[in-house]
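Enquirer: take this sequence and fold it.
(one chain, ligands or ions: 1)
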Amino acid sequence: MGFETFIGNPEAVAAVRGMLASSRLPGALLFTGPDGVGKKTLALMLAKALNCERGPDDFCGVCVRCRKAEEMLAATREDLARRGESKDAAKRVEGLVYFDLQLIEPITRYILIEQIRQVRSVAYTHPFEFPRRVFVIDEAQAIHWQASDLLLKVLEEPPETTTLILVCPNAYELRPTIRSRCRRVAFQPVDESTLSALLAEEGRVPKAQRALAARVAAGSIVKAKSFDLAEFERRRRPWFDFLTALSARAPEPTAAPDWKALFDSTKALTENRDDFEETLKTGYTLLRDLVQIALAGPQAEVVNVDALPRLRTWAAELGLESIERLKEGLDEAYRLQVRNVNQQLGLEAVALDVLENPASSAAPAT
Ligand SMILES: [Zn+2]
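Expert: Now for the predicted structure:
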């Protein structure tokens, strides 16, 4: 228990603990940084530490107040989910009751004016059960513009017994007047070795694929924890077939391409329309890897680390020009995705384009 269980971002943890230890916690804090690195988690840990019976710069997770904090959070999450499902706009914000530890999140696309009005109406009163009231406003960038003025008023006259923690990916999505009244704690993407250690501890991803999972997670603990190897490979396989079919002819440029393999792969890639955006993302990652290899050679930092030999072969056989053309084809597919256009024909068109114009820059495999 306690802050030692927090993964990554040691500077942010140290900053928070330092404020706790000096008992000079500002009235309003702003946690910023990429998604999935634990901003909200650390905000809630801080809320517990402010109230834990064992304090002053940590929380135990077992005292009455720590357990009470968990209960409050569970009740809040349930309440938010119920309100989010309501079709009735008035019912969504009816009878808001805020606990001493309160998580505030968007109920619709926005954090609504009533939610912030409730912050203001209780922020200046004594907490009910805890020494200190803490409001954690997650996705603060989603605060409705009509509610920003109300929040600003609270920030201008910081309440004595309430701490506000705003959480949002990018501070510049908030109004400067709000931003400037909060002490900022910046979070960074979590480094790969930390993510690999986390994956090893969880034991869900086989050792050989951990480097891949850590790369795909791109600094996000949430992504690392939810990495699904089978799903990832299922999505990637038709791209492998596509690239194989496209580059197979390279040693002998006049040979006919394996049309069947090519069309089978484009069919597999476009089979599931609802899934096509994710499929495209996987394709982009592979093409980015190929560009990296074509430009940086052995120094290339690729995401698909487990497929490096194959990537090298494709990069050499296709050449930078063709890879760029494929990327443009994907850009076009991405644009057309919103319209009701046949994606398979689109991918086939770009494949034909690459096949008909063998890249002059294609280099022999190294
Ligand atoms: Zn405690």
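
Enquirer: for the ion, what is the nearest residue in the stretch 201-350 of the chain?
Expert: Relative to the ion, the nearest point of the stretch 201-350 of the chain is residue 221 (23.6 Å; CB to the ion). Quick note: C-beta positions are derived from backbone N, CA and C, even for glycine.

Enquirer: pretty sure that residue is touching residue 6, no?
Expert: No: Residue 221 lies out of contact with residue 6 (CB atoms under 8 Å); the separation is 9.8 Å.

Enquirer: neighbour count for the two, which is higher?
Expert: residue 221 (22 against 16; other CB atoms under 10 Å).

Enquirer: thinking again about what came up before, shared neighbours of residue 221 and residue 6, which are they?
Expert: residue 38 (CB atoms under 8 Å, 6 or more residues apart in numbering).

Enquirer: without its sequence neighbours, what residue ends up closest to residue 353?
Expert: In space, and not counting its chain neighbours, residue 353 is closest to residue 325: 6.2 Å by CB to CB, 6 or more residues apart in numbering.

Enquirer: show me what contacts that neighbour?
Expert: 350, 353, 354, 357.

Enquirer: helix, strand or coil for it?
Expert: Secondary structure, DSSP: H, G, I helix; E, B strand; the rest coil: residue 325 is helix.

Enquirer: where does the most centrally placed residue in the chain sit: helix, strand or coil?
Expert: Residue closest to the average C-alpha location in the chain (CA atoms, centre = their mean): residue 35, at 3.7 Å. Here residue 35 takes the coil state, with states given by three-state DSSP.

Enquirer: may I have the phi/psi pair for it?
Expert: Residue 35 adopts backbone torsions of phi -70, psi 150, taken as degrees, to the nearest 10.

Enquirer: distance-wise, check it relative to the ion.
Expert: Using CB to the ion, to the nearest Å, residue 35 is found at 29 Å from the ion.

Enquirer: surely that residue and residue 169 touch.
Expert: Yes: with contact defined as CB under 8 Å, residue 35 counts as touching residue 169 (5.9 Å).

Enquirer: can you list contacts of the host helix or strand of residue 134?
Expert: Element membership of residue 134 [criterion: DSSP states H and E] is strand 133-138. Outside strand 133-138, the residues within contact range by CB under 8 Å, 6+ apart are 40, 43-44, 46-47, 50-51, 98, 100-105, 111, 119, 122-123, 127, 143, 161-167.

Enquirer: just the buried ones from the residues you listed?
Expert: With burial judged by 16 or more other CB atoms under 10 Å, the buried subset of the contacts of strand 133-138 is 40, 43-44, 46-47, 50-51, 98, 100-105, 111, 119, 122-123, 127, 143, 162-167.

Enquirer: just for the stretch 101-250 of the chain, where's the confidence low?
Expert: Residue ranges of the stretch 101-250 of the chain with pLDDT under 70: 249-250.

Enquirer: can you map out the strands along it?
Expert: 101-104, 133-138, 162-168, 183-186 (DSSP state E, counting those that start in this stretch).

Enquirer: so which of these is nearest the ion?
Expert: Per CB to the ion, nearest to the ion of the strands of the stretch 101-250 of the chain: strand 101-104, 12.3 Å.

Enquirer: starting at the chain centroid, how far to the closest one?
Expert: Taking CA atoms, centre = their mean, to the nearest Å, one finds strand 101-104 lying 22 Å from the centre of the chain it belongs to.

Enquirer: quickly run through the sheet partners of that strand, with directions.
Expert: Partner strands and pairing direction for strand 101-104 (DSSP bridges) are strand 133-138 (parallel).

Enquirer: the strand it pairs with to strand 162-168, inter-axis angle?
Expert: Angle, strand 133-138 to strand 162-168, by axes from the mean of the first three to the mean of the last three CA atoms, to 10 degrees: 10 degrees.

Enquirer: please save the CA atoms from strand 133-138 in CSV.
Expert: What follows is strand 133-138 as a C-alpha-only set of coordinates in CSV (Å, rounded to 0.1, in the frame of the first residue of the first chain):
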residue,chain,number,x,y,z
ARG,A,133,-12.3,17.5,1.5
VAL,A,134,-10.7,16.6,-1.9
PHE,A,135,-12.4,17.1,-5.3
VAL,A,136,-10.7,15.3,-8.2
ILE,A,137,-11.9,16.7,-11.5
ASP,A,138,-10.9,14.2,-14.1
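
Enquirer: pull out the buried residues from that strand.
Expert: For strand 133-138, the neighbour count (16+ other CB under 10 Å) marks 133, 134, 135, 136, 137, 138 as buried.

Enquirer: for the fourth one, which residues make a bridge with it?
Expert: Spelled out, that is residue 136. Taking DSSP bridges as the rule, residue 136 bridges to residue 103, residue 165.

Enquirer: next one: it from residue 43, what distance?
Expert: As for residue 136, its distance to residue 43 is 5 Å (criterion: CB to CB, to the nearest Å).
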